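> sequence and predicted structure below; questions after.
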Amino acid sequence: MPKRFSTARGREFGAGLRAAIKGAGLTSRAAAEIVDWDEAKVSDVVNGKGGATQLEVAVLLGVCRVNAEEVAHLLSLYGETHVRGWWQQHGRCSPIRLRTVVEHLKVAKSLVSWHTHLVPLFLQTTDYLREVLRASSTAPADELAERVQAQLAMQASVGRKVKCTYFLHEFALHLRVGGAEVHAAQLLHLLFIANRPNVRIRIVPAAHGAHAGLAGPFTQLTFTKYEPLVWVQTENSSLLDETKDAIDGYDTVVRALEEQSLDEAESTALIMRLYETLQAADGHAATAEMRSAEPFPPLA
């Protein structure tokens, strides 16, 4: 079955309008009757086929008692539901919840994620991602707990049936985020995740030198019903690229990373060796600390 034409903007608008109608306790037919539309017109608007003016959509949202911020957001999308690609500029820093990304993760069929110097978001432990957020110079400190929960929810939105491939550079395994204990726990978590039947973890070794992923991190998503897209996150923006040429370009990068990375067994063995090295180092450090400690004073 051919994948139907739609865009990230169109899908977000449709989902938002459906949620508005449902949130008002209405069916599509009941909503259509209130605003004097045919039910087919509601269906066309929800599915990105147009057929209504922006004012008519605003009236429908008003009937559903949607809050002003959501009305403004959905109306801004309505006239652009046909536009491929979406550069979302967030201002000083990204919002706590990346609404568009989360909604697409929920319906993804496959996910390929690459990172140059960090463990990919979807593989991070709670302590690791907390330290990554804490190190940010733009995210407000008083939002830390809420952002941690939002990112954990983003991880949870990737279902166990989604075929996931994670590429990361060997440098990401060596970067200490949050200290030795957090570092070791993150490596152990990678070993556990690697055992899931839907997950592949591939390491690009430092010995390889220059590689295809030097341009930076990205996440590629494919879907059953829709064309694929690539998500690129920066400090204060999100790019959802849907153009065919761009997708083809990222496919080329993924194929090159497949060739340049260790296989799954070799990658797991590398993570295990580093974990064991850390454990041994911690043991030596603890022993050295005990030896250097002052002896107990004699009993009185």
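Arrived safely, thanks for sending. Residues are numbered from 1 along each chain as shown.
> can you pull the contacts of the closest residue in space to His208 that isn't next to it in sequence?
Among residues not flanking His208 along the chain, Gln260 sits closest, at 5.5 Å (CB to CB, 6 or more residues apart in numbering). In short, each C-beta sits where N, CA and C put it, glycine included. By CB atoms under 8 Å, 6 or more residues apart in numbering, the contact list for Gln260 reads Val204, His208, His211, Ala212.
> from Leu257, how far out is the third one?
In this structure, His211 and Leu257 are 7 Å apart, going by CB to CB, to the nearest Å.
> now the common contact residues for the two.
Val204.
> domain-wise, how is this protein divided?
8-78, 86-285 (automatic domain parsing).
> any chance of a markdown table for these, columns mean pLDDT?
Listed next are the domains of the chain as a markdown table, based on pLDDT from 0 to 100:
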| stretch | mean pLDDT |
| --- | --- |
| domain 8-78 | 93 |
| domain 86-285 | 94 |
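> surely Ile203 is in a helix?
No: with DSSP: H, G, I helix; E, B strand; the rest coil as the criterion, Ile203 is assigned strand and is not in a helix.
> neighbours around the closest residue to it other than its chain neighbours, how many?
Distances taken as CB to CB, 6+ apart place Ser267 nearest to Ile203, at 4.2 Å, with adjacent residues excluded. Other residues within reach of Ser267, judged by other CB atoms under 10 Å, total 24.
> Ser267 touches Ile201, doesn't it?
Yes: Ser267 lies in contact with Ile201 (CB atoms under 8 Å); the separation is 5.4 Å.
> ok, the nearest residue to Leu229 once chain neighbours are set aside to Leu152 distance?
Once flanking residues are discounted, Leu229 sits nearest to Glu242: 4.7 Å by CB to CB, 6+ apart. Plainly put, Glu242 is 27 Å away from Leu152 if you go by CB to CB.
> please say which of the two ends up with more neighbours.
Neighbours per residue (other CB under 10 Å) separate Glu242 from Leu152, with Glu242 holding more: 19 against 15.
> okay, buried residues for stretch 78-90 please.
If you call a residue buried by 16 or more other CB atoms under 10 Å, then stretch 78-90 has these buried ones: Tyr78, Thr81, Arg84, Trp86, Gln88.
> in strands, which of those residues fall?
Cross-referencing the buried residues of stretch 78-90 against strands under DSSP state E gives Trp86, Gln88.
> tabulate the buried residues of stretch 78-90 (a markdown table), appending distance to Ala172.
What follows is the buried residues of stretch 78-90, written out as a markdown table (distance: CB to CB, whole Å):
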| residue | distance to Ala172 |
| --- | --- |
| Tyr78 | 41 |
| Thr81 | 37 |
| Arg84 | 31 |
| Trp86 | 28 |
| Gln88 | 26 |
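> now do the same contact list for Thr7.
Applying CB under 8 Å, 6+ apart, the residues contacting Thr7 are Gly48, Thr81, His82, Val83, Arg84, Trp86, Glu242.
> the third one reaches Ser6, doesn't it?
No: using CB under 8 Å, His82 makes no contact with Ser6, being 9.3 Å away.
> overlap of the contact sets of these two?
Gly48.
> how about the strands in the protein?
Under DSSP E, the chain gives strands at 86-89, 108-115, 163-169, 199-204, 218-223, 229-233, 237-241.
> out of the ones you listed, which comes closest to Glu181?
Glu181 lies closest, by CB to CB, to one member of the strands of the chain: strand 163-169, at 20.5 Å.
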